[in-house]
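>>> Predicted model and sequence follow; I will ask about them next.
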Amino acid sequence: MIYLARHGETDDNAPPARVMGWIDTPLNERGREQARALAREAAGRGIAALYSSHLARARQTAEIVGEAIGLEPVIDERLAESRRGSWEGRLVDDIKREEPEAWAASHEDAPGFVFPGGEALAEHCARVAAALRDIGDGPQPALVVCHGGTIRCAFAKLHPSGLASFHEPEVPNATLMRLPG
């Protein structure tokens, strides 16, 4: 069994939200409190392995959880958010206003979408699937602390509509989600 959890809040994903991608934003105080709450929830699940993206916001969340459950996070860059190119660091509202066609394409054609100057969603999802296959071969249950897009990729892989379902799941900060299967 694999559990997934998005990192805690950062100043960049608190309103007004910015596209983060590979920008290495640390947790804010609310994010650290969310990570402590996640640790309390994870403590009762018998977690045998802990994994994290290399990006600070996920790594810091995983370290807080790991301290509480007695595990050192295994860092895996494949679990990182998608590289979002020229959108990284920009406010979501600005992108919607300044690049409405590209923003619409990111939601209407997820299987074919490539972030301007960045990574294709399909590439992101392929590396996430490879990481989760490896994690599935290890000790269970496992907890993977990662990112909203990474979690959406994991769920899209199992959805009948595939990557077209990418934007369907809500992925709140520091919430434990069980990967079906």
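Ah, there it is.

>>> Let's test this: name the helix or strand in the protein with the lowest mean pLDDT.
helix 100-108 (a mean of 94; mean pLDDT, DSSP states H and E).

>>> Relative to Leu179, how far out is Ala129?
11 Å (Cβ to Cβ, to the nearest Å). Placement of C-beta: from N, CA and C, glycine included.

>>> Which neighbours do the two have in common?
Contact with both Ala129 and Leu179 is made by residues Ala154, according to Cβ atoms under 8 Å, 6 or more residues apart in numbering.

>>> For the residue nearest the centre of the chain, give me its contacts.
Central residue of the chain (Cα atoms, centre = their mean): His147, 1.3 Å from the mean position. By Cβ under 8 Å, 6+ apart, His147 lies in contact with 6-7, 20, 53, 55, 57-58, 79-81.

>>> and what of Arg84?
By Cβ under 8 Å, 6+ apart, the contact list for Arg84 reads 19-22, 115, 118-119.

>>> same question, Glu123
Taking Cβ under 8 Å, 6+ apart, one finds Ser82 in contact with Glu123.

>>> Which helix or strand contains it?
Assessed by DSSP states H and E, Glu123 sits inside helix 121-136.

>>> if we can go back for a sec, and which of the contacts of Arg84 is nearest Cys125?
Glu119 (10.1 Å; Cβ to Cβ).

>>> what sits against that closest one?
Glu119 neighbours (Cβ under 8 Å, 6+ apart): 82-85.

>>> With Ala102 instead?
Per Cβ under 8 Å, 6+ apart, neighbours of Ala102: 95, 116.

>>> Please report how far it lies from Ser86.
Taking Cβ to Cβ as the measure, Ala102 falls 10 Å from Ser86.

>>> overlap in contacts of these two?
Pro116.

>>> isn't Glu88 right up against Asp24?
No - the pair Glu88 and Asp24 fails to qualify as a contact (Cβ atoms under 8 Å) at a distance of 10.5 Å.

>>> Who has more neighbours out of those two?
More crowded of Glu88 and Asp24, by other Cβ atoms under 10 Å: Glu88, with 19 against 13.

>>> How many residues are close by the closest residue to Arg78 other than its chain neighbours?
Nearest residue to Arg78, sequence neighbours excluded (Cβ to Cβ, 6 or more residues apart in numbering): Ala131, at 3.9 Å. Neighbour count for Ala131, taken as other Cβ under 10 Å: 22.

>>> Kindly export stretch 47-59 (C-alpha atoms) in PDB.
As requested, the backbone C-alpha atoms of stretch 47-59 are provided in PDB (Å, rounded to 0.1, in the frame of the first residue of the first chain):
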ATOM      1  CA  ILE A  47       4.500   3.300   7.700                       C
ATOM      2  CA  ALA A  48       7.600   1.100   6.800                       C
ATOM      3  CA  ALA A  49       9.200   3.400   4.200                       C
ATOM      4  CA  LEU A  50       9.200   7.100   3.600                       C
ATOM      5  CA  TYR A  51      10.100   8.800   0.300                       C
ATOM      6  CA  SER A  52      10.300  12.400  -0.800                       C
ATOM      7  CA  SER A  53      10.900  14.700  -3.700                       C
ATOM      8  CA  HIS A  54      14.200  16.500  -3.500                       C
ATOM      9  CA  LEU A  55      12.500  19.900  -3.500                       C
ATOM     10  CA  ALA A  56      12.700  21.700  -0.100                       C
ATOM     11  CA  ARG A  57       9.000  22.000   0.600                       C
ATOM     12  CA  ALA A  58       8.500  18.200   0.200                       C
ATOM     13  CA  ARG A  59      11.800  17.300   1.800                       C
END
